[in-house]
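1. any chance you could fold what I've pasted below:
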Amino acid sequence: MNAMQEELFLELRQTQKEIENSLKNKQKPDWLTSILKEELADIDAALLKMKSGNFGLCEISGEFLPDDLLKIIPTLKSIKDSDDLEIYYKKPLH
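-> Residues are numbered from 1 along each chain as shown. Next comes the predicted model:
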């Protein structure tokens, strides 16, 4: 694991614990419960990839995903998933 991956690993572990605690403390499921469970599954998958040495590889092409994208979304699974993010970017005015 390189330095960036180690930092992301610690961040993912912290987020994992926070989500697990949030789910444990919920008295009844609500609209957020399914979102938290999906995010937790994505985090678990990313952590497994880190442990197996496959973190950062596109699940479709097998090529490395850009580090800049992984820093923003460490649970990114493929470059195709990143294409959907363009709709959220702020567009320049000029």
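
2. now stretch 75-86: buried residues?
-> Within stretch 75-86, the residues that qualify as buried by neighbour count (16 or more other C-beta atoms under 10 Å) are T75, L76, K77, I79, D81, S82. Quick note: C-beta positions are derived from backbone N, CA and C, even for glycine.

3. need these in CSV with pLDDT, can you?
-> Converted to CSV, the buried residues of stretch 75-86 look like this (pLDDT from 0 to 100):
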residue, pLDDT
T75, 94
L76, 93
K77, 93
I79, 88
D81, 86
S82, 79
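
4. quick check: of these, which lies closest to E59?
-> When the buried residues of stretch 75-86 are compared for distance to E59 (C-beta to C-beta), K77 wins out at 4.9 Å.

5. what does the lowest-mean-pLDDT helix or strand in the chain contact?
-> Least confident element among the helices and strands of the chain, by mean pLDDT, DSSP states H and E: helix 79-83 (a mean of 83). Applying C-beta atoms under 8 Å, 6 or more residues apart in numbering, the contact partners of helix 79-83 are C58, I60, S61, E63, L65, L69, I73, L76.

6. ditto for stretch 10-23
-> Taking C-beta under 8 Å, 6+ apart as the rule, stretch 10-23 contacts T33, L36, K37, E39, L40, I43, D44, A46, L47, M50, P74, T75.

7. in the residues you listed, find the pair that's most separated.
-> T33 and M50 (26.0 Å).

8. what about those two, which has more around it?
-> Taking other C-beta atoms under 10 Å, T33 and M50 do not tie; M50 has more neighbours (19 against 13).
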